[in-house]
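task: produce atomic coordinates for the following.
(one chain, ligands or ions: 2)
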Amino acid sequence: MRIGIFTSGGDAAGMNPALKAFVELTLEKGWEPFFVYNGLEGLIDGKIRKASYQDVAGILHKGGTIIKSSRSKRFYDYEYRKRAYDNLKKHDIEKIIVLGGDGSFRAMDVFFEEFGVSFAGIPVTIDNDIYGTDYCLGVDTALNVIRMLLDNIRDTASSFGRAFVVETMGRECGYLALVSSITSGAEICVIPELDVDFVSLKRRLSKELASGRGYVLAVVAEGSNKTQQVADFLKNDLGMETRITTLGHVQRGGNPTVFDRLMAYKFIEFALENLRENIHHMVGFKDEKFYLLPIKDVVSHKYKINDFLLKLGRRMTR
Ligand SMILES: Nc1ncnc2c1ncn2[C@@H]1O[C@H](COP(=O)(O)OP(=O)(O)O)[C@@H](O)[C@H]1O
Ligand SMILES: O=P(O)(O)OC[C@H]1O[C@](O)(COP(=O)(O)O)[C@@H](O)[C@@H]1O
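Ligands and ions are numbered 1, 2, ... in the order given. A predicted model of the protein is given here:
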């Protein structure tokens with residue numbers, strides 16, 4: 001059997017370990033692994049090549065994706081999806097594994113409906129915002145990168161007695177900011193999922209500053225659109241010298257953590273074990289178990305951060 005794999009949408013650490021696992025486990029099964037380079041764009045352009053052990057040697061520790069990723073405007077048009085299908089047929093590729101987010105899964109589901117190409121989607125995004133899975137590959141590495149950066153910012157914040165507003169990525173989801181706030185001991189956490197009570201915050205932080213607090217760290221999710229507002233609050237209401245740091249794409253890079261490397265193997269193994277005819281599902285990880293969820297269920301629901309984490313985060317909003 002010939003199986004293709006591609007990486008699509010925002011890259012994340014864990015993609016390379018997953019590619020390595022894919023080649024090794026596919027060859028062990030006596031199947032033929034193929035790489036589609038450059039995501040959906042490469043599928044349209046026929047950038048498809050048989051993969052070998054050599055291709056995946058020495059990549060386990062690398063962030064990003066050695067086969068490149070893309071966002072594709074063309075894939076929204078039937079004409080280009082047909083071209084993509086013809087490319088797969090040319091190589092006799094029967095099934096696909098896609099490493100990406102819900103956008104990529106949606107794209108492949110449309111493709112499945114039109115051409116019947118079975119596929120398994122493995123959730124990979126630093127945002128950890130996909131319905132049906134507690135964990136998306138790459139989020140652990142991103143959180144560790146953010147932790148390191150927040151620790152660095154704390155060093156300078158405390159040295160100067162300043163307030164820092166640190167903006168994380170995450171699109172509309174506050175997961176990265178929330179977990180980072182909790183695990184870095186931030187004083188303020190602002191995410192789209194929680195309301196902020198600036199009056200209570202002022203009361204609490206004024207008291208703390210009066211009794212010796214030397215600096216303030218606020219972590220703000222990009223999706224809340226409140227970075228400037230929080231900075232203005234710290235400057236005007238608390239009278240603090242304030243700086244904004246937007247972490248940006250540094251959060252997407254870095255070598256994958258042990259956890260992401262291990263999870264990459266587990267996700268791929270489960271996907272290959274279940275890559276039957278007519279599969280058009282995501283491999284989810286819930287309550288410590290892998291399972292399959294139809295893509296239509298994934299894309300028709302919104303991911304919700306669990307209540308326990310939200311409860312911990314709420315303390316930093318007031
Ligand atoms: N409804 C759709 N029909 C066709 N292609 C789609 C559809 N939705 C998403 N895509 C394709 O999937 C790509 C990846 O989606 P995107 O949201 O950018 O990333 P992610 O997979 O990380 O969520 C898009 O650039 C687009 O080419
Ligand atoms: O790299 P780009 O195109 O600037 O996109 C930035 C976005 O990609 C992400 O890093 C990852 O998002 P996806 O995994 O959904 O693609 C977001 O957190 C961020 O908002």
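
can you name the next helix or strand after the longest helix along the chain?
Secondary structure of the chain per DSSP state H: the longest helix is helix 139-160. Next along the chain after helix 139-160, taking DSSP states H and E as the criterion, comes strand 163-168.

and that following strand, which strands flank it?
Strand 163-168 sits in its sheet next to strand 216-221 (parallel), strand 242-246 (parallel), going by DSSP bridges.

any idea of the mean pLDDT for it?
Strand 163-168 shows a mean pLDDT of 98.

that one near ligand 2 at all?
No: judged by C-beta under 6 Å from any ligand atom, strand 163-168 makes no contact with ligand 2; its nearest approach is 8.2 Å. Backbone N, C-alpha and C define where each C-beta goes, glycine included.

what mean pLDDT does the helix or strand just after that strand have?
Proceeding N to C from strand 163-168, the next assigned helix or strand is helix 175-184, under DSSP H and E. For helix 175-184, mean pLDDT is 98.

name the residues of helix 175-184 that are buried.
The neighbour-count check on helix 175-184 (16 or more other C-beta atoms under 10 Å) flags Y175, L176, A177, L178, V179, S180, S181, I182, S184 as buried.

what does the protein put close to ligand 1?
Proximity of the chain to ligand 1 is confined to 8-10, 40, 71-72, 75-76, 100-104, 106-107, 110, 125 under the rule C-beta under 6 Å from any ligand atom.

and those residues, which of them are in helices?
L40, D102, G103, S104, R106, A107, V110.

among those, which two are most distant?
Maximum pairwise distance among those (C-beta to C-beta): 14.0 Å, between L40 and D102.

give me the more crowded residue out of those two.
Between L40 and D102, counted using other C-beta atoms under 10 Å, the more crowded position is L40 (29 against 24).

the more buried one and G58: what is the separation?
For L40, the distance to G58 equals 27 Å [C-beta to C-beta, to the nearest Å].

measure the residue in the stretch 101-250 of the chain that ligand 1 sits nearest to to ligand 2 for me?
Going by C-beta to the nearest ligand atom, ligand 1 is nearest to G103 of the stretch 101-250 of the chain, at 2.1 Å. For G103, the distance to ligand 2 equals 6 Å [C-beta to the nearest ligand atom, to the nearest Å].

ok, that residue touching G9?
Yes: using C-beta atoms under 8 Å, G103 makes contact with G9 at a distance of 5.5 Å.

and for these two, which residues touch both?
R71 (C-beta atoms under 8 Å, 6 or more residues apart in numbering).

ok, these two, which is more surrounded?
Each of G103 and G9 has its neighbours counted (other C-beta under 10 Å); G9 has more, 23 against 17.

so who does the more buried one touch?
Applying C-beta under 8 Å, 6+ apart, the residues contacting G9 are G39, S69, R71, G100, G101, G103, S104, T125.

try 6 Å
G100, G101, G103, S104 (C-beta atoms under 6 Å, 6 or more residues apart in numbering).

name the nearest of these relative to D151.
Closest approach to D151 among the contacts of G9 (C-beta to C-beta): G101, at 28.1 Å.

per-residue confidence at the residue lying closest to K226 once chain neighbours are set aside?
Nearest residue to K226, sequence neighbours excluded (C-beta to C-beta, 6 or more residues apart in numbering): V190, at 5.1 Å. With respect to pLDDT, V190 has a value of 98.

so V190 is in contact with S224, correct?
Yes: using C-beta atoms under 6 Å, V190 is in contact with S224, at 5.0 Å.

and these two? Which one has more around it.
Set side by side, V190 and S224 show more neighbours around V190, with 30 against 21, by other C-beta under 10 Å.

might you report the residue contacts of the more buried one?
Each residue near V190 by C-beta under 6 Å, 6+ apart is listed here: V196, V220, S224, K226, V230.

ok and the residue in the chain nearest ligand 2?
Going by C-beta to the nearest ligand atom, ligand 2 is nearest to G10 of the chain, at 2.6 Å.
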